[in-house]
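Colleague: The following block contains a protein sequence and its predicted model.
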Amino acid sequence: MSLAADLVAQLTARSLSVAVAESLTGGLLVAELVAVPGASLVVRGGVVAYATELKRSLLGVSAELLAAEGPVHPEVARQMATGVRRMLSVDGIPADIGLATTGVAGPGPQDGHPAGEAYVAISIGDRVEVLHLQIPGTREDIRKGVVSESLGELAKLLHLG
């Protein structure tokens with residue numbers, strides 16, 4: 001069983017919903033989850049906020065934070081994860097889990113951050129965990145690596161929770 005399939009099974013067993021906000025992964029993360037049969041029971045959807053302005057207007061990331069730090073920052077990932085839970089509410093009920101990615105896919109650096117630097121945030125209840133990554137390789141390697149690390153971190157948090 002793949003990690004995504006295991007996660008969908010765990011989320012289904014626990015009746016937990018997940019909402020995904022992506023930047024550098026560009027939809028790969030939510031695609032990995034929805035490739036699993038039965039994912040519609042737990043995956044609310046995904047938002048690809050590739051443009052920095054969308055992180056603010058769609059996900060509620062602080063304009064001041066974005067102006068001061070740019071989009072590659074742990075607090076940006078944190079706000080994306082909490083914001084997507086609200087944005088993908090159903091009947092006023094936010095998603096149980098928010099999963100967010102932001103970073104630099106490359107091939108070169110961006111705003112002083114090297115290619116492969118990324119942040120993954122997972123929001124569950126009042127708790128938000130942020131993982132700092134530095135993934136080597138090509139643009140494709142980096143994007144796939146962030147997806148893999150995101151799923152792995154969520155699996156870790158669900159086993160502990």
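Modeller: Nice, I can see it. Because the structure is predicted, anything quoted here is derived from the model rather than measured.

Colleague: Tell me the confidence at Leu160?
Modeller: pLDDT recorded at Leu160 is 50.

Colleague: Low-confidence bits of the protein, can you list those?
Modeller: 160-161 (pLDDT under 70).

Colleague: Nearest residue to the middle of it?
Modeller: Ala100 (1.9 Å; CA atoms, centre = their mean).

Colleague: Surely that one is within a strand?
Modeller: Yes - Ala100 forms part of a strand when assessed by DSSP: H, G, I helix; E, B strand; the rest coil.

Colleague: measure it to His113 for me?
Modeller: Note on Ala100: its distance to His113, by CB to CB, to the nearest Å, is 16 Å. The C-beta positions use only the backbone N, C-alpha and C, and glycine is treated the same way.

Colleague: One more: Gly60?
Modeller: 22 Å.

Colleague: Grab the longest helix from this structure for me.
Modeller: helix 139-160 (DSSP state H).

Colleague: contacts for that helix?
Modeller: 3-4, 6-7, 10-11, 14, 18, 24-26, 28-29, 32, 97, 99, 101, 103-107, 115-116, 118, 120, 122, 124, 129, 131, 133, 135-137 (CB atoms under 8 Å, 6 or more residues apart in numbering).

Colleague: tell me the contacts of the residue nearest to the centre of the chain?
Modeller: 20-23, 59, 77-78, 80-81, 84, 120-123.

Colleague: if we go to 7 Å?
Modeller: For Ala100, the contact set (CB atoms under 7 Å, 6 or more residues apart in numbering) comprises Ala21, Ala77, Met80, Ala81, Val84, Ala121.

Colleague: Can you name the residues bridging to it?
Modeller: Ala21, Ala121 (DSSP bridges).

Colleague: ok but Glu64 is inside a helix, no?
Modeller: Yes - the assignment for Glu64 (three-state DSSP) places it in a helix.

Colleague: what's the spacing between it and Glu75?
Modeller: 11 Å.

Colleague: Of the two, which one has the most company?
Modeller: Glu75 (17 against 9; other CB atoms under 10 Å).
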